[in-house]
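Asks: I'd like to go over a predicted model; first the sequence, then the structure.
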Amino acid sequence: MDLSGNKQKMLRGELYHAFVPELVADRARCGHACTRYNNAGDVSRRRLTELFRDILCDKTPLPPPAATPEEDDELFEDYPWVQSPVNMDYGYNVKLGKNVFINFNATFLDTCEISVGSRTLCGPNVSFYSGTHPLDPIIRQGTKGPELGKEIHIGEDCWIGGNVVILPGINIGRGSVVGAGSVVTKSVPDFTVVAGNPARVIRKIETAMDPASGKEWIGWEEETVGGAEVPMAEMSGRDEAIQPLPKAK
Ligand SMILES: CC(=O)SCCNC(=O)CCNC(=O)[C@H](O)C(C)(C)COP(=O)(O)OP(=O)(O)OC[C@H]1O[C@@H](n2cnc3c(N)ncnc32)[C@H](O)[C@@H]1OP(=O)(O)O
């Protein structure tokens, strides 16, 4: 893929200019795709998935149609479920795992990659802000100045409450919970409840899923017996799996 200098810098998390024609066009494309998804009305899961994949620029083929509408819906059981309206800047930097649920009014400012791990649930009005700007107004210069992004990664099996804001560069560990209305300014360790503005640790989550618990847990059925009908790579069309999280600060 031959990317322009500004787009390459954007994806690498370096300072870039967002108001160059290529990136303006990318955001316009994504905006139109979001509008089509948000106005889809009462359509099948297949059609919704097609429209959602248009937002993500995901060309992975869908499974062949089943014999009946009900059976066809079942083919999409494990696909991410995103309530409209949803809004994104570029779409192509968003990756969602299996059985993810994103409630109404999510905002993905996907200057850099934003990934949400399998089985993670998000309440209404969650905002993922991977974009940021220089603090010095002389450099910032409104639409004339450079900006940058930092990736956001939400682990598998998390629950993000309503009205949460996740700031650039944040990693939320596996199985963790973010309380409603929180602003997450620091990365969150695995199996931890955080809440507030700024989000602070409330408690650890006791679960056999946490290897530190010393308890036995065999993992999700599809991961252990390979029974998943749709591997995550096919679902997102863009990535294999959520990468291991770096250690939280
Ligand atoms: C997928 C969907 O659509 S989800 C639908 C939307 N639902 C939501 O967003 C609900 C999200 N749930 C919450 O925010 C809950 O408060 C939870 C899950 C964080 C509660 O976690 P718990 O560990 O049970 O916390 P608990 O209720 O015991 O409170 C512990 C402390 O944290 C505080 N606290 C709890 N939630 C929050 C919050 N969201 N913001 C700030 N402080 C909070 C409590 O006031 C309490 O403080 P105190 O010790 O000073 O009294």
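Replies: Done, it's in. Residues are numbered from 1 along each chain as shown.
Asks: how about the helices of this structure, start to end?
Replies: All helices of the chain, identified by DSSP state H, fall at 5-12, 21-38, 45-56, 69-75, 137-140, 221-225, 232-236.
Asks: At the contact with the ligand, which residues of this protein appear?
Replies: 101, 103, 121-123, 161-162, 177, 179-182, 193, 195-196, 202-203 (Cβ under 6 Å from any ligand atom). C-beta: built from backbone N, CA, C; applies to glycine.
Asks: Would you mind writing the PyMOL command to select the buried ones in these?
Replies: Selection of buried members from the residues of the chain next to the ligand for PyMOL, criterion 16 or more other Cβ atoms under 10 Å:
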select buried, resi 101+103+121+122+123+161+162+177+179+181+182+193+195
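Asks: Reformat the helices of the chain as JSON lines; add distance to residue 169 and mean neighbour count.
Replies: Output for these, formatted as JSON lines (distance: least, Cβ to Cβ, whole Å; neighbours: other Cβ atoms under 10 Å):
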{"stretch": "helix 5-12", "distance to residue 169": "14", "mean neighbour count": "17"}
{"stretch": "helix 21-38", "distance to residue 169": "21", "mean neighbour count": "16"}
{"stretch": "helix 45-56", "distance to residue 169": "22", "mean neighbour count": "19"}
{"stretch": "helix 69-75", "distance to residue 169": "36", "mean neighbour count": "13"}
{"stretch": "helix 137-140", "distance to residue 169": "18", "mean neighbour count": "11"}
{"stretch": "helix 221-225", "distance to residue 169": "28", "mean neighbour count": "12"}
{"stretch": "helix 232-236", "distance to residue 169": "21", "mean neighbour count": "20"}
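Asks: Kindly reformat those helices as a markdown table and extend each row with mean pLDDT.
Replies: Putting the helices of the chain into a markdown table (pLDDT from 0 to 100) gives the following:
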| stretch | mean pLDDT |
| --- | --- |
| helix 5-12 | 90 |
| helix 21-38 | 97 |
| helix 45-56 | 96 |
| helix 69-75 | 95 |
| helix 137-140 | 97 |
| helix 221-225 | 58 |
| helix 232-236 | 43 |
